[in-house]
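# need a structure here:
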Amino acid sequence: MNIRIIFSLLCTLFFMLTLSSCNKRTEIPDEVTSQPVKAINDQASELKKVSFYPYWLVNAQFAGYYVAREMGIYKRYGLDVEIIPFEHHHSSAEMLQTGKTDFAVLWLLNAIEMKASGIDLVNIAQFSRKSSLMFITKKTSGINKLEDMDGKKAGIWNGYELQPRTLFKKYNLDVELIPIGSTVNLFLRDAVEITNASWFDEYHTIINAGYDPEELNTFFFADHGFNFLEDGIYCMKDMLEQSPEVCASFAEATKEGWKMAFENPEKTIDIVMEYARERNQSVNSVHQRWMLERYRDLYMPGSTITTVLASVDYHFAGYALEESGQINWIPDFDEFYQHYNKSLVKK
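As a prediction, the model looks like this:
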């Protein structure tokens, strides 16, 4: 046979085999190739976009929210949660009232004051079980009991004067209140003999500044009859009425986020540190670990996380605000607190 004929036949055979191979590839069922992409797109489209606004900078005090987001807990509950970075010129009240955030975490006193002023917010979950606030004095100052504070100077955070004023009034103490920012510098430099602090933050900062615990006196507000609860999840009443299932899912997922955070402290600190780095914040893991451990004490005095706000705790805070003239009336408890309906949770 002519060599050219043989070469022609071989080329024809090679072309037919190639065509057959291509046809086989095009016959692969669509569901095999497109299903993973379709599933991902469907899942993303089904997630409800919501936002959350913390009342302070990135810290382990909000670890449950960061963990719930980074570990996919919110997504499992059908939510795509944006954690809006805190800005000093944007208050939680403003963010909620203007609709710039769907959820915010607030202290009970601040939330009652907002409600009484006409901001129609609601508490859907109360995480804090104990006040973290305290006074700190140096033993060298001679202030070893509350009565020794009479005639002294106390550094008090701007906007947080109510509890100190109420405590001083109860014990009939004449204390000069000196406004301070978020640092303890005035206390460290002996410009004030007393400073207010939180157990999870400023107390540890003072220890890190070189003071041994034995050199300090601590006065917890809760030990002196002023256990005003702190962190709770809040949203506007319209949000709860229009999307009760979203509110329930956010609260329940956050609760799971806090549980995971407490059970996995090392991973949690890594997550918090990464969020802080993204915001160019200077934080260290030792302080964040202390903060997370203290939050476990504040949120879990027992073995479980409770999200119920008791009427007695609400009215105790409300009466303090009313008596001090901060509010003119105490909003109805059932209007202020509407615990999320767990049966509506989508998981």
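# can you verify N280 is assigned to a helix?
No - applying DSSP: H, G, I helix; E, B strand; the rest coil, one finds N280 to be coil, outside a helix.
# look up how far T205 lies from it.
Separation of N280 from T205 (Cβ to Cβ, to the nearest Å) stands at 20 Å. (C-beta placed from N, C-alpha, C; glycine too.)
# look at these two and report which has more neighbours.
Per other Cβ atoms under 10 Å, whichever of N280 and T205 has more neighbours is T205, with 18 against 6.
# that one is in contact with H287, isn't it?
Yes - contact criterion Cβ atoms under 8 Å: T205 and H287 qualify, at 7.3 Å.
# okay, and the common contacts of those two?
With contacts defined as Cβ atoms under 8 Å, 6 or more residues apart in numbering, no residue is shared by T205 and H287.
# buried residues in the helix or strand containing K169?
Element membership for K169, per DSSP states H and E: helix 162-170. The neighbour-count check on helix 162-170 (16 or more other Cβ atoms under 10 Å) flags L162, Q163, P164, R165, T166, L167, F168 as buried.
# rank these by pLDDT and give me only the lowest.
Taken together, the buried residues of helix 162-170 show their lowest pLDDT at L162, with 83.
# separation between that residue and L109?
Shown here: L162 relative to L109, a distance of 6 Å by Cβ to Cβ.
# one more: L298?
Distance, L298 to L109, by Cβ to Cβ: 16 Å.
# who's in contact with the residue nearest in space to the middle of the chain?
In the chain, the residue lying closest to the centroid (Cα atoms, centre = their mean) is F62, at 3.3 Å. Counting by Cβ under 8 Å, 6+ apart, F62 makes contact with P54, W56, V105.
# neighbours of F219, how many?
18.
# for it, what are its contacts?
M134, F135, I136, T137, L146.
# pick the one among the residues you listed closest to L240.
M134 (33.6 Å; Cβ to Cβ).
# what helix or strand does that closest one sit in?
Counting by DSSP H and E, M134 is found in strand 133-138.
# re the thing from before, can I get the buried residues of helix 162-170 in CSV with distance to N264?
Putting those into CSV (distance: Cβ to Cβ, whole Å) gives the following:
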residue, distance to N264
L162, 36
Q163, 33
P164, 36
R165, 40
T166, 38
L167, 37
F168, 41
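# ok, which pair from the residues you listed is furthest apart?
Using Cβ to Cβ, those span at most 11.0 Å, a distance reached by L162 and F168.
# pretty sure G257 sits against A68.
Yes - counting by Cβ under 8 Å, G257 touches A68, with 2.8 Å between them.
# which one's more surrounded, those two?
A68 (29 against 24).
# so what's the more buried one up against?
Y74, V81, A253, T254, E256, G257, W258, M260.
# again, only this time at 10 Å
52, 74-77, 79, 81, 83, 250, 252-261 (Cβ atoms under 10 Å, 6 or more residues apart in numbering).
# do you know the pLDDT at the nearest residue to G181 once chain neighbours are set aside?
Of all residues not flanking G181 in the chain, N158 sits nearest, at 7.1 Å (Cβ to Cβ, 6 or more residues apart in numbering). Note on N158: pLDDT of 83.
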